[in-house]
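Asker: Got a predicted model here, sequence first, then my questions.
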Amino acid sequence: MAYIISDDCLSCGACEAECPVSAISEGDGKYVIDADTCVECGACAGVCPVSAPSAE
Ligand code: SF4
Ligand code: SF4
């Protein structure tokens, strides 16, 4: 399953640059992960200050 970003996201943008497959983009009020692109590496969760990305 792909990672998803919760509503806790602060839209800081830190995770976008860390994603090796560019699956993260700025959405409406928070950043979002494209489920078909995500390879579940966990890098986004590692850099997020509020632990918004998680594996579901
Ligand atoms: Fe990108 Fe990895 Fe996060 Fe998936 S888990 S969105 S591949 S950084
Ligand atoms: Fe949102 Fe966390 Fe990504 Fe920042 S690093 S944009 S708070 S998910």
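Answerer: Now that the structure is in, tell me what you want to look at. Numbers count the residues shown, from 1 in each chain. Ligands and ions are numbered 1, 2, ... in the order given.

Asker: How many neighbouring residues does residue 43 have?
Answerer: Taking other C-beta atoms under 10 Å as the criterion, the count of residues near residue 43 is 18. In this view, the C-beta of every residue, glycine as well, is placed from N, C-alpha and C.

Asker: brain fart, residue 40
Answerer: 10.

Asker: my guess is it meets residue 55, correct?
Answerer: Yes. Shown here, residue 40 and residue 55 form a contact pair, counting by C-beta atoms under 8 Å, at 6.4 Å.

Asker: Need the residues touching each of those two.
Answerer: Common contact partners of residue 40 and residue 55 (C-beta atoms under 8 Å, 6 or more residues apart in numbering): 1-3.

Asker: Which one of those residues sits in the busiest neighbourhood?
Answerer: When these are compared by neighbour count (other C-beta under 10 Å), residue 3 ends up highest, at 23 neighbours.

Asker: Pretty sure that residue sits against residue 34.
Answerer: No. Using C-beta under 8 Å, residue 3 is not in contact with residue 34, being 10.3 Å away.

Asker: now, among the shared contacts of residue 40 and residue 55, which is nearest to ligand 1?
Answerer: Using C-beta to the nearest ligand atom, residue 3 is the member of the shared contacts of residue 40 and residue 55 that sits closest to ligand 1, with 4.1 Å.

Asker: distance of the closest one from ligand 2?
Answerer: For residue 3, the distance to ligand 2 equals 9 Å [C-beta to the nearest ligand atom, to the nearest Å].

Asker: Contacts only, for that residue.
Answerer: Under the criterion of C-beta under 8 Å, 6+ apart, the neighbours of residue 3 are 33, 38, 40, 42, 44-45, 53-56.

Asker: pLDDT value on it, please?
Answerer: On pLDDT, residue 3 comes in at 98.

Asker: Could you give the bridge partners of it?
Answerer: residue 55 (DSSP bridges).

Asker: distance of it from residue 30?
Answerer: For residue 3, the distance to residue 30 (C-beta to C-beta, to the nearest Å) stands at 13 Å.

Asker: List, one by one, the residues from this protein near ligand 1.
Answerer: If contact is defined as C-beta under 6 Å from any ligand atom, the residues of the chain in contact with ligand 1 are 3, 18-19, 21, 23-24, 33, 38-44, 53.
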